[in-house]
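**Student:** predicted model and sequence follow; I will ask about them next.
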Amino acid sequence: MKNKIISIGHKNPDTDSVLSAILISKFGKQIFGITIEAVTADNINNETEYILKKLKIKKPRILKKIKNENVILVDTTESKQIIDGLTGENLIAIIDHHNLGGLKSSKPIFTRVEAVGCTGSVIYKILKEQCIKIDKISATLMIACIVSDTLNFNSPTSTDDDKKIFLELNKIAKLDIKKFVSELFSAKSSLKGISVNDIISKDYKQFDMGKYKVGIGVWETTTPENINIQKYKIIKALKRKKGHEKIDYMFFAIVDIIKNNSDLYIIGEVEQELAEKVFSENIKDDIMFLKGVVSRKKQVTPQLRSGLGEQL
Ligand SMILES: [Mn+2]
């Protein structure tokens, strides 16, 4: 029997990674000529749940470990962020918009990685090139990827391509964009059913930086005060996570998606030393305020990486 084929994004999945996996499954037959099931590595977040409900799309099944499935990986190539059990043997395609991580493959695979704002935009390009017709629901999914990942074009990760793609897509989706963005942002900020542990881990990514293991969690919100009020509990939880997972440097940032700034939580001496070296800002009450910083990918991770002296 032929192995089942799945599409999946990174652990602690965000909207772009879940919706991209769904899009790849929807268009699997047309792009790859195969049947693909979209799955997620963990529970989805409130923002993703909101979109799926709105579009009446079933939540993907959660898959914790690869057995013998073949995998189309979206939205990451970072070996620390992929589903357990995934190796170069069962990888058949990668579609992403991040720096190349540590993944290897045992044979040539379909690879499409572009420096655009979200994986949804990369998928749009593939569909366009292959003259595949885009329906209203798929257009809305891709718009949600763009708005969510680029913080409605406020992140330095967003490009002119994303803007153009967004305009093209909304000719099909015909969304009231102002309303859509505000609903999406409030779902993103929703603390419904969210524990302190969820706050630090729902959008958490681990990186290998030279010999160090670095964890960087973020929480994007329109109301940072609702998170900051729980600061001491959050710091305690971060210290616990750091110990459990044997992380060398543990960071967490609250991203204010209205004012476009971040509060970087400083949980210990090594983090303080590295953050001061890299960002040269003062720390007040365990928080380093980072003006204009909204993107982990562009404004935090590479800076910490170079601060730790890693040469790529
Ligand atoms: Mn993404």
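**Tutor:** Done, it's in.
**Student:** going forward, measure contacts between C-alpha atoms and count neighbours the same way
**Tutor:** OK.
**Student:** so V278, which of the three states?
**Tutor:** Classification of V278 using DSSP: H, G, I helix; E, B strand; the rest coil returns helix.
**Student:** can you get me a residue count around it?
**Tutor:** Counted with other Cα atoms under 10 Å, the neighbours of V278 add up to 16.
**Student:** residues touching the residue lying closest to it once chain neighbours are set aside, list them.
**Tutor:** Excluding the flanking residues, the one nearest V278 by Cα to Cα, 6 or more residues apart in numbering is G307, at 5.8 Å. Taking Cα atoms under 8 Å, 6 or more residues apart in numbering as the criterion, G307 is in contact with 274, 277-278.
**Student:** enumerate every residue touching the residue of the stretch 101-250 of the chain found nearest the ion.
**Tutor:** Residue nearest to the ion within the stretch 101-250 of the chain (Cα to the ion): C118, separated by 4.5 Å. Residues in contact with C118 (Cα under 8 Å, 6+ apart) are 16, 75, 96-97, 145-146, 149-150, 158.
**Student:** what do you get for I109?
**Tutor:** Neighbours of I109 in contact, by Cα under 8 Å, 6+ apart: 91-94.
**Student:** closest one to the ion out of the residues you listed, please.
**Tutor:** I94 (12.8 Å).
**Student:** name whatever forms a beta bridge with the closest one.
**Tutor:** With DSSP bridges as the criterion, I94 is bridged to L73, T111.
**Student:** you'd agree it is up against F110?
**Tutor:** Yes - at 6.3 Å, I94 counts as touching F110 under the criterion of Cα atoms under 8 Å.
**Student:** give me the more crowded residue out of these two.
**Tutor:** In this view I94 and F110 are compared by other Cα under 10 Å, and I94 has more residues nearby, 21 against 11.
**Student:** for K246, see how far away N99 is.
**Tutor:** According to Cα to Cα, to the nearest Å, N99 stands 24 Å off from K246.
**Student:** number of nearby residues for the closest residue to the ion within the stretch 201-312 of the chain?
**Tutor:** Minimum separation of the stretch 201-312 of the chain from the ion (Cα to the ion) falls at K297, amounting to 9.5 Å. Neighbour count for K297, taken as other Cα under 10 Å: 14.
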